[in-house]
Every structure is written in C-alpha cells, then in structure tokens.
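>>> Okay, predicted coordinates and the sequence, questions at the end:
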Amino acid sequence: MKVLVFAKPGAKRASVKKLENLIPGFDACFSVAVREPAEDNRANDAIRAALAEHFHVPVSSVKIMSGRTARKKVVFIAADNRGAGAF
C-alpha cells in the first residue's frame, strides 16, 4: 500500500490520524505526529514504528520511499500475511 504521510516531528503527543483528502496515486493519507526530533533519523524511525503499530505489521514492512528529509513523505507498507491492516 502506498500512503502519503505528513510528518510532525517534535510533537507534544504522538498520534496517527487518517486524513480525508485522498490524493490521486495514493491509497491513503495520514498525519503522523511523533515526539522525536527531526535529527539523526530519529523522527523517521518513530514514524515507521507508529505506522507499523497502526497497521499491525512489523516495522520492517514500512519503508520510506521518498521525503526522508521533508515533512511530506511517500511511504510503502507491505501487506502482512497474518491479516489486513487497520485503515
């Protein structure tokens, strides 16, 4: 699944929120707030972990395809054989 993520590093509270605005070419759009700062890849690792938890897949199934240094990221989430992820 290909999703568009709007990252919010350094947030007070961590959260994953689905956005209603569907952008053509993406299966879903999310706003992901993480407490970690955007330095030394810490925020990206936290975003991957938050999405993995949200979709009930291992962190290794979540790949940031583009936007590693930007707040807008394209993320690929591989399907888990154990069941469908939560939208």
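Yep, it's here.
>>> For the spatially most central residue of the chain, which three-state class applies?
To find the centre residue of the chain, average its C-alpha atoms and take the closest one (C-alpha atoms, centre = their mean): that gives residue 51, at 4.5 Å. Three states are possible here, and by DSSP: H, G, I helix; E, B strand; the rest coil the one that applies to residue 51 is helix.
>>> Show me where this structure has its strands.
In the chain, the segments counted as strands under DSSP state E are 2-8, 15-19, 28-33, 62-66, 72-77.
>>> Show me which parts of the last one are buried, residue by residue.
Going back to what we said before, that points to strand 72-77. Buried residues in strand 72-77, counting neighbours by 16 or more other C-beta atoms under 10 Å, are found at 73-75, 77. Every C-beta, even on glycine, is put in place using the N, C-alpha and C of the backbone.
>>> Leaving out sequence neighbours, find the closest residue to the residue nearest to the centre of the chain.
Beyond its immediate neighbours in the sequence, the residue positioned closest to residue 51 (C-beta to C-beta, 6 or more residues apart in numbering) is residue 62, lying 5.0 Å away.
>>> So what pairs up with that neighbour in the strands?
Beta-bridge partners of residue 62, counted by DSSP bridges, are residue 77.
>>> The one 4 residues further on too?
Each beta-bridge partner of residue 66 is listed here, defined by DSSP bridges: residue 74.
>>> Numbering from 340 from now on, please.
With the count now opening at 340, the last piece we talked about shows up as residue 405.
>>> Quick check: it touching residue 412?
Yes: counting by C-beta atoms under 8 Å, residue 405 sits close enough to residue 412 to count as a contact (6.9 Å).
>>> related to what we said a few turns ago, to residue 378, which of the strands of the chain lies closest?
strand 341-347 (13.1 Å; C-beta to C-beta).
>>> Show me what the closest one packs onto, helices and strands only.
Helices and strands in packing contact with strand 341-347 are listed as strand 367-372, helix 381-394, strand 411-416; criterion 3 or more C-beta pairs under 8 Å, 6 or more residues apart in numbering; DSSP states H and E.
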